[in-house]
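Asker: Got a sequence here, can you build the structure:
(chains A and B)
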Amino acid sequence: MSLHPGLPQLVVIVAYLGLLLMLAVLSNLRLKATRADYQLASHSIGPVLLLLSLFGTTMTGFALVGSSGEAYRAGIGVYGLLASSSGIIHSLCFFTIGLRVWKLAKRHGYATQIAFFRDRLESDRIGLLLFPVLVGLSIPYVLVGIISAGGILQQLTAGLWVDGPLGFATEGPYRGGVPSWLGAGVVCGVVLTYVFFGGMRGTAWANALQTLVFMVLGMVTFVIIVNRLGGQSDLMANMRRLASELPATVATRSEMARSQFFMYLLIPLSVGMFPHVFQHWLTARRASTFKLPVVAHPIFILIVWLPCVLLGAWATTPLLAEAVQVAWQARGFDTPPPEIPANPNYILPYMVKTLTPPLLGGFLAAGILAAIMSSLDSQFLCLGTIFNNDIVMHYRGENRVSDAQQVYCTRGFVIGIVSVCYAIYLLTAAQAASVFALGVWCFSGFAALFPIVFAALYWRRLTKAGAYSGISAAITSWAVLFYFAWTDPEVRLGDFQVMLPWGEQSLAIMPVVVMFASSLMTMVAVSLLTRPPSRETIAKFFDDANVGGAAD
Amino acid sequence: MTCCGIRSGHRLIWIGVVVLIVLRQDHWFWDDPSLVAGILPIGLAWQVAISIAAALLWYTATRIAWPADPVETPTVVTHIGSAGEGAGVADVGTGSELGSVGGEISGGETSR
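Answerer: So this is what the prediction gives:
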């Protein structure tokens, strides 16, 4: 077996995964024997932990791998598309949705979105519609994490075991690296383990640790790669050199449609309907706990996205190939360096692998994996919670399901969902899909459900039938448009648009606009045509005394 | 902050959100490749400024539009209820409604 500098990276990554498992064991020791503690950490999370866990949850492989890849492909405009807009909209959702939901949940004891909607809509069966919708839309989100994790591990360990079995020896630029199926599977296994052991408390701790890890290591990565790319004496000189080499199309948004840039504003609304974010909101100790996340979230997004977007943009300059050549020779290799990857998903790991020392590259890889895992864990926990509370316990009856049965059902369901995602990853073309595009489709679906949660909290006239029809319109339009986008051989998944006739020309509309509009219009029209909710429900959800004076 | 004070604070924050959304569109630097401090393309620098302005706006929200914490009334039970139209999640009430229920009573055993 011939060893390669990929070995130090692998050792650091394995050590980091081991650290996470230890954290799970520690948090397990502090876990109280109550469902409220397992699912919501007994509503005990303070501002710093809430900030770190919420931020870690919303930043995925999409934020690091996707943003740098999209900047590499389409230029600096990607920051405005999603980072600055998320700074405005995410905090708006925390403020208008999260805070109010937290107060209602605190008062009425909700642990999941479905429990809240059942009560607000006076409908037991809303769970039967919402459950598959939320689970179905979470699948592409989980896939984003799996694709990113498998790809990064393979790329960063390339050359480790070139004659190894099980796919190590597969021909290609990443020959010898941990096969992507194995890397993705191990990451899923580690996340599942610490979620099962630690519950929400363990997940919040792991998220906080991972958020700090990927933010600190992200900045270290940025400085090291910029210094290698620029080849000048100091950081500022390197940044100036790189900036001066940027092609005009990358340094501006000249290739981007103005209408599309505006329509992207709808995408961050998805955070208002993410079930895992909803669950994190409910962990807050008190209303004032939300202040720090609301204020600091835009700055945290800036800290993570700006370096990634700059690295992706600067990777388009000829300086990348030169810097890689120099770094490769400096390490004493007589073989040519790896080629710049055609897949934008791989541009950040490529730079980490070729431009940073092997040991540090391992830490940086751990940082990227941290960002991925800090979202996967919350998704797994949340899927298990809604299955347990809203399906098993609700429909079988609380007293008819033993604790042991709950454990088996919940874990079995989460493992089943992860297996489905993993199978999609292995058996379909998902591996080649752009992380950015897949993420945008997933967020579009959740954004289309935003009118439902906003109306449930702020519009007294929202009725059960209105919500059913709105949710149905959102998911139907999502499924139809995604089918057309996935099966269209001539258009990339992320570039798919709906063309509306506009005089003699066509107006290109992003799918999220169609989904959002169909959900909103259907919900409003049907609500106005059907009987309003009962006075008791209105009083319960809109009387300030019951909502604790939340924002109206 | 009084109720009316919070309402006017809310109005100001909503106006701030709309202004930020308009500014984010940034038609003026769309095709401009010039650099700020020789490093950041001006279109990117503008978006960075929007992020910082958003943080300032939300800080203002915590000062002028933040609702008071509700009176701490412990949640009694995360009750799941049983199936049946209209059953939903039972209203579990609060300590104050149910008398002197001290502390939190868990919603069943853990699913560990």
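Asker: shaky segments in chain B?
Answerer: Applying pLDDT under 70 to the predicted model, the residue ranges of chain B that meet it are B:1-6, B:69-112.
Asker: So which residues of it form helices?
Answerer: Ranges of helices in chain B, per DSSP state H, are B:3-25, B:42-64, B:95-98.
Asker: residue boundaries of the helices in the stretch 351-500 of chain A?
Answerer: Taking DSSP state H, counting those that start in this stretch to define them, one finds helices in the stretch 351-500 of chain A at A:358-386, A:394-396, A:403-427, A:435-448, A:450-458, A:464-487.
Asker: Output the fifth one in CSV with nothing but the alpha carbons.
Answerer: If I follow you right, that is helix A:450-458. Listed next in CSV are the C-alpha coordinates belonging to helix A:450-458 (Å, rounded to 0.1, in the frame of the first residue of the first chain):
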residue,chain,number,x,y,z
PHE,A,450,-44.1,30.4,4.3
PRO,A,451,-47.5,32.1,3.6
ILE,A,452,-49.1,29.3,5.7
VAL,A,453,-47.1,29.8,8.8
PHE,A,454,-47.2,33.6,8.5
ALA,A,455,-51.0,33.6,8.1
ALA,A,456,-51.4,31.1,10.9
LEU,A,457,-49.7,33.7,13.2
TYR,A,458,-51.0,37.0,11.9
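Asker: what's that helix packed up against?
Answerer: Contacting helix A:450-458 under the criterion 3 or more Cβ pairs under 8 Å, 6 or more residues apart in numbering or on different chains; DSSP states H and E are the following elements: helix A:99-108, helix A:113-121, helix A:464-487, helix A:511-529. From N, CA and C alone the C-beta is placed, and that goes for glycine too.
Asker: Give me the angle between that helix and helix A:511-529.
Answerer: For the pair helix A:450-458 and helix A:511-529, the angle between their directions (axes from the mean of the first three to the mean of the last three Cα atoms, to 10 degrees) equals 40 degrees.
Asker: which element is the residue lying closest to A:Gly230 once chain neighbours are set aside on?
Answerer: If you skip the residues right next to it in sequence, A:Gly230 has A:Asn238 as its closest partner in space, 2.6 Å away by Cβ to Cβ, 6 or more residues apart in numbering or on different chains. In this structure, A:Asn238 sits in helix A:235-245 according to DSSP states H and E.
Asker: Pull out the buried residues from that helix.
Answerer: Residues of helix A:235-245 classed as buried by neighbour count (16 or more other Cβ atoms under 10 Å in any protein chain shown): A:238-243, A:245.
Asker: Quick one, grab the pLDDT at A:Leu493.
Answerer: Each residue has a pLDDT score; the one for A:Leu493 is 78.
Asker: can I assume it is in contact with A:Gly439?
Answerer: No: at 10.6 Å, A:Leu493 and A:Gly439 do not qualify as touching, with contact defined as Cβ atoms under 8 Å.
Asker: Compare these two (neighbour count), which wins?
Answerer: Comparing A:Leu493 with A:Gly439 by neighbour count (other Cβ atoms under 10 Å in any protein chain shown), the higher total belongs to A:Gly439, at 29 against 19.
Asker: Pretty sure A:Val142 is one of the things the more buried one touches, is it not?
Answerer: No: checked against Cβ under 8 Å, the pair A:Gly439 and A:Val142 is beyond contact range at 11.3 Å.
Asker: what residue lies at the spatial centre of chain A?
Answerer: Nearest to the geometric centre of chain A sits A:Thr60, at 3.9 Å (Cα atoms, centre = their mean).
Asker: Quick check: nearest residue in space to it, chain neighbours excluded?
Answerer: The shortest distance from A:Thr60 to any residue other than its chain neighbours is 4.1 Å, reached at A:Ser375 (Cβ to Cβ, 6+ apart).
Asker: Number of residues surrounding the one you found?
Answerer: Other residues close to A:Ser375 by other Cβ under 10 Å number 27.
Asker: what's near enough to touch it?
Answerer: Contact criterion Cβ atoms under 8 Å, 6 or more residues apart in numbering or on different chains gives A:56-61, A:141, A:145, A:276 as the residues in contact with A:Ser375.
Asker: Those: which two are farthest apart?
Answerer: Maximum pairwise distance in those, criterion Cβ to Cβ, is 15.1 Å, between A:Gly61 and A:His276.
Asker: out of the two, which sits in the busier spot?
Answerer: Neighbours around A:Gly61 and A:His276, counted as other Cβ under 10 Å, are more numerous at A:Gly61. The numbers are 31 against 26.
Asker: Check the more buried one and give its pLDDT.
Answerer: At A:Gly61, the pLDDT recorded in the model is 68.
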